[in-house]
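K.L.:
prediction below, plus the sequence it came from.
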Amino acid sequence: MSQHPIKILIADDEAVVLEIMAQKIASQNYHVITAEDGQEAWEKIKAEVPDVIILDLNMPKMDGWQVLAQLRQNPPTKRWLPVIIVSAQNELESFKKGVNLEADHYLSKPCQLEDILKSIRLMLSLVPQRDT
């Protein structure tokens, strides 16, 4: 049984936010994949099949809602792939929409990097272990 590096995909169109999150998450020995828009995120999700996805909602090309809907409807990615929404959209309707589209966790920006790391650890603890 070999362990694969845990892959975390971060999709956010704010370059500074993306870089800070990527550095912090990579410092915890996760393999980080980044995407600056929803279309890039979707392509990388299909190619890389990350273990956890951190998804902003307001992005160009495809927004986070579209990425999440595609993810949950597409057979290769339909297996439980944890999605943590990290967004400035913090009104109740957004939370409800996230639940309806099967987001696994929802953090409102601004949030602490430690909260994101805790969320990643929580999602990983719930994922069935798999071999590679």
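P.N.:
Looks like it came in fine. Numbering: from 1, shown residues only.

K.L.:
quick one: low-confidence parts of the chain?
P.N.:
For the chain, the stretches flagged by pLDDT under 70 are 1-3, 75-79, 127-132.

K.L.:
and the lengthiest helix in it, what does it pack against?
P.N.:
Ordering each helix of the chain by length in residues (DSSP state H) puts helix 113-126 first. Contacts defined by 3 or more C-beta pairs under 8 Å, 6 or more residues apart in numbering; DSSP states H and E place helix 113-126 against helix 15-26, strand 52-55, strand 83-87, strand 105-108. Any C-beta I mention is one placed from the backbone N, CA and C, and that applies to glycine too.

K.L.:
what distance separates it from the centre of its chain?
P.N.:
Per C-alpha atoms, centre = their mean, to the nearest Å, the displacement of helix 113-126 from the mean C-alpha position of its chain is 11 Å.

K.L.:
ok, back up a step: can I get the helices and strands packed on helix 113-126 in JSON lines including mean neighbour count and distance to Leu68?
P.N.:
As requested, the helices and strands packed on helix 113-126 are exported to JSON lines (neighbours: other C-beta atoms under 10 Å; distance: least, C-beta to C-beta, whole Å):
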{"stretch": "helix 15-26", "mean neighbour count": "15", "distance to Leu68": "18"}
{"stretch": "strand 52-55", "mean neighbour count": "27", "distance to Leu68": "7"}
{"stretch": "strand 83-87", "mean neighbour count": "24", "distance to Leu68": "6"}
{"stretch": "strand 105-108", "mean neighbour count": "18", "distance to Leu68": "11"}
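
K.L.:
out of those, nearest to Ile6?
P.N.:
Of all the helices and strands packed on helix 113-126, it is strand 52-55 that lies closest to Ile6, at 7.6 Å by C-beta to C-beta.

K.L.:
chain center to that closest one: distance?
P.N.:
That offset, for strand 52-55, works out to 1 Å (C-alpha atoms, centre = their mean).

K.L.:
what does it rub up against?
P.N.:
Residues outside strand 52-55 that contact it (C-beta atoms under 8 Å, 6 or more residues apart in numbering): 6-12, 21, 25, 41, 45, 64, 67-68, 71, 81-87, 103, 116, 120, 123-124.
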